[in-house]
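> I need the structure of the sequence given here:
(one chain, ligands or ions: 1)
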Amino acid sequence: MSQASPAIRVSDLRKHFGTTQALDGVSLDIQPGEFFGLLGPNGAGKTTLISILAGLTRADAGHAAIMGHDVVRDYRQARRALGVVPQELVYDPFFNVRETLRIQSGYFGLRHNDGWIDEIMHHLDLAPHADKNTQSLSGGMKRRLLVAQALVHKPPVIVLDEPTAGVDVDLRRSLWEFISRLNREGHTILLTTHYLEEAEALCGRIAMLKSGRVVACDTTRNLLQLTNEHCAQLRLQGETLPAAWQTRLQHDADGSWRINFSEYADLETLLADLRGAGIRVLEMQLQEPDLEDVFTDIMKRT
Ligand SMILES: Nc1ncnc2c1ncn2[C@@H]1O[C@H](COP(=O)(O)OP(=O)(O)OP(=O)(O)O)[C@@H](O)[C@H]1O
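Residues are numbered from 1 along each chain as shown. I've put the predicted structure just below:
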């Protein structure tokens, strides 16, 4: 393992399926210890990128490396440095949970791995199900098992492809606590998700893919500053707005009014005009833009 290497390096990666250009020159460097989000609409190329990192798909052109190990030339070292939690629920129905994790350990040549297997099962609340046949597990439990399988060989880099799709609130919480702990302990995390509030809360840096291209890549904090659309929700005493504001304010079903604005000066003028018209503000709530606003904005603009 090369100390100076990025955890994941992707250089000008290209991949097509028939006439579909799934990846159209993607370059990314993810440093060790980062919690990195890869976002994009359906079909943007996220799973294709992950499949190339995992050595399951060959790129047409470009390079990818895990901890300095090229995913084609040094396949074994690259694979050993990587734990992948796939999007699809794949499992072998003939084994129980513990057996599945022992078999997975065997793929990496780890024969005495029960201590770590017990620890993973404990943190993922799989311990009470250790002897259950995988076929009899609920969807959420099968997903936990996929996470456990990705971790048996203690990989420094963990890739999660939509790990919380169709997962209940409890599992999400315990999953994120565990993954965040692994990240704090130094593991690099690459996450794809369609839950943007999850990405906003967890990821330090985010890349957005669209049609196989990176259309944004920055810290979450900087991305959140890209849009200056704010929203204020007001409850007013009096129904007739000053004429100048009648088209700017939208009346919500609960009787409150909503205004989108980019300059706080707009809000000041509105409040002054309302006071001038004898309309009292009973309540006001400000909503700051979130990652979903930024994502929608970037996807529209690019
Ligand atoms: N094996 C394949 N054969 C043909 N086309 C494929 C194959 N795999 C992916 N594609 C196409 O490549 C494009 C990128 O797909 P990919 O699954 O990487 O997107 P994604 O960003 O992961 O989407 P989602 O959010 O829906 O999972 C899509 O147009 C998809 O239909």
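> Beyond the lowest-mean-pLDDT helix or strand in the chain, next helix or strand please.
Counting by mean pLDDT, DSSP states H and E, the chain has its least confident helix or strand at helix 169-184, which shows a mean of 88. Once helix 169-184 ends, the next helix or strand along the chain (criterion: DSSP states H and E) is strand 188-192.
> What is that following strand packed up against?
strand 35-39, helix 46-53, strand 157-161, helix 169-184 (3 or more C-beta pairs under 8 Å, 6 or more residues apart in numbering; DSSP states H and E). Quick note: C-beta positions are derived from backbone N, CA and C, even for glycine.
> which residues are in contact with that strand?
Outside of strand 188-192, the residues within contact range by C-beta atoms under 8 Å, 6 or more residues apart in numbering are 7-8, 30-40, 46-47, 50, 53, 156-163, 179, 182-183, 199, 202-203.
> again, only using 7 Å
7-8, 30, 32-38, 46, 156-162, 179, 183, 199, 202-203 (C-beta atoms under 7 Å, 6 or more residues apart in numbering).
> Next, the buried residues of stretch 44-63.
44-55, 57, 59, 62-63 (16 or more other C-beta atoms under 10 Å).
> filter those residues by proximity to the ligand?
Among these, proximity to the ligand is found for Ala44, Gly45, Lys46, Thr47, Thr48 (C-beta under 6 Å from any ligand atom).
> ok, Leu234 to the ligand distance?
37 Å (C-beta to the nearest ligand atom, to the nearest Å).
> In contact with Phe108: list those residues for me.
Arg80, Val152, His153.
> Turn those into a markdown table, including secondary structure.
As requested, the contacts of Phe108 are exported to a markdown table (DSSP: H, G, I helix; E, B strand; the rest coil):
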| residue | secondary structure |
| --- | --- |
| Arg80 | helix |
| Val152 | coil |
| His153 | coil |
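> Most neighbours among those, which one is it?
Val152 (22 neighbours; other C-beta atoms under 10 Å).
> ok, back up a step: which one of the helices and strands packed on strand 188-192 is the most hemmed in?
Of all these, strand 35-39 carries the top mean neighbour count, a mean of 25, counting by mean count of other C-beta atoms under 10 Å.
> pLDDT (mean, whole number) over that one?
Regarding strand 35-39, the rounded mean pLDDT is 98.
> what's the spacing between Met121 and Asp131?
11 Å (C-beta to C-beta, to the nearest Å).
> For the two, work out which one has more neighbours and name it.
For Met121 versus Asp131, neighbours defined as other C-beta under 10 Å are more numerous around Met121 (20 against 9).
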